[in-house]
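In: Curious how this folds, go ahead:
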Amino acid sequence: MRVITGSARGRKLLTPEGMDTRPTTEKVKEALFSAIQFNIEGKTVLDLFAGSGQLGIEALSRGALRCVFIENDRAAAEIIKKNVASVGFSSVSLISAMDAYMFLEHSGEKFGLIFLDPPYKKGFIEAAEKGIERVTTENSIIVCETSKDEILPETFASLPLSFDRCYSDVRIRIYRKSEDTIY
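Out: Sure thing, here's the model as predicted:
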């Protein structure tokens, strides 16, 4: 796994061992960043259910202002810390080993770009919607990664679905206020 482009282009990232964390494939990551590439620079990012932190790191590499990484698994949070340090983004990163829902309930911060990539088929995205709505603005972008057969609504956290694509067994849905909706 590597950073695709930007200031950390080509840098390799560590992944947590075992089956508890499922890294986003390079093909899927390239597709989702192609869809949002012009909407990253200067944004504050939330990488919820962060795993290895690769999505937040990719956003930082492409010009995001800062990223908050939330990962419940302590071993995975340690991998995120190592990855962030190895690409030189420690000063613009906050990594917390905590429950995603607790973070959403207590955070007072707003995010312009939110990545949701929880374990598949467990209802975590739907359960997070109310909390996500508290940390978004009307111009936020929410990127959800699920299995291809999971159903998500046409509107999420008051934002309309603007992008819906399957890549093998993975589905990427992007919610944002946008005139160029792509299905």
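In: From Glu145, how far off is the residue nearest in space to the middle of the chain?
Out: Within the chain, one residue has its C-alpha closest to the average C-alpha position: by Cα atoms, centre = their mean, that is Phe115, at 2.1 Å. Using Cβ to Cβ, to the nearest Å, Phe115 is found at 8 Å from Glu145. Glycine gets a C-beta too; all of them are placed from N, C-alpha and C.
In: Verify the contact between Ile4 and Leu32 for me.
Out: No. Using Cβ atoms under 8 Å, Ile4 is not in contact with Leu32, being 10.5 Å away.
In: of those two, who's got more company?
Out: Leu32 (25 against 16; other Cβ atoms under 10 Å).
In: Secondary structure element holding the closest residue to that one other than its chain neighbours?
Out: Distances taken as Cβ to Cβ, 6 or more residues apart in numbering place Ile172 nearest to Leu32, at 4.9 Å, with adjacent residues excluded. Assigning secondary structure by DSSP states H and E places Ile172 in strand 170-176.
In: ok, that strand: who's next to it in the sheet?
Out: Here strand 170-176 is paired, per DSSP bridges, with strand 141-147 (antiparallel), strand 159-167 (antiparallel).
In: which ones are touching the residue nearest to Leu32?
Out: Going by Cβ atoms under 8 Å, 6 or more residues apart in numbering, Ile172 touches Val28, Ala31, Leu32, Ala35, Val143, Cys144, Glu145, Phe163, Asp164, Arg165, Cys166.
In: Mind telling me the two of these farthest from one another?
Out: Across the contacts of Ile172, the longest distance by Cβ to Cβ is 14.6 Å; it joins Val143 and Cys166.
In: Who has more neighbours out of the two?
Out: Using other Cβ under 10 Å as the criterion, Val143 and Cys166 rank with Val143 on top: 22 against 13.
In: Against Ser91, how distant is the more buried one?
Out: Counting by Cβ to Cβ, the gap from Val143 to Ser91 is 24 Å.
In: Tell me how far the nearest residue to Asp99 once chain neighbours are set aside lies from Lys110.
Out: Ranked by Cβ to Cβ, 6+ apart and with sequence neighbours excluded, the top spatial neighbour of Asp99 is Asn72, at 5.5 Å. From Asn72 across to Lys110, the span is 22 Å (Cβ to Cβ).
In: which of these two has more neighbours?
Out: Using other Cβ under 10 Å as the criterion, Asn72 and Lys110 rank with Asn72 on top: 18 against 13.
In: Dump the strands paired with strand 170-176 into CSV; add mean pLDDT and distance to Thr44 as well.
Out: Output for the strands paired with strand 170-176, formatted as CSV (pLDDT from 0 to 100; distance: least, Cβ to Cβ, whole Å):
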stretch, mean pLDDT, distance to Thr44
strand 141-147, 95, 12
strand 159-167, 94, 16
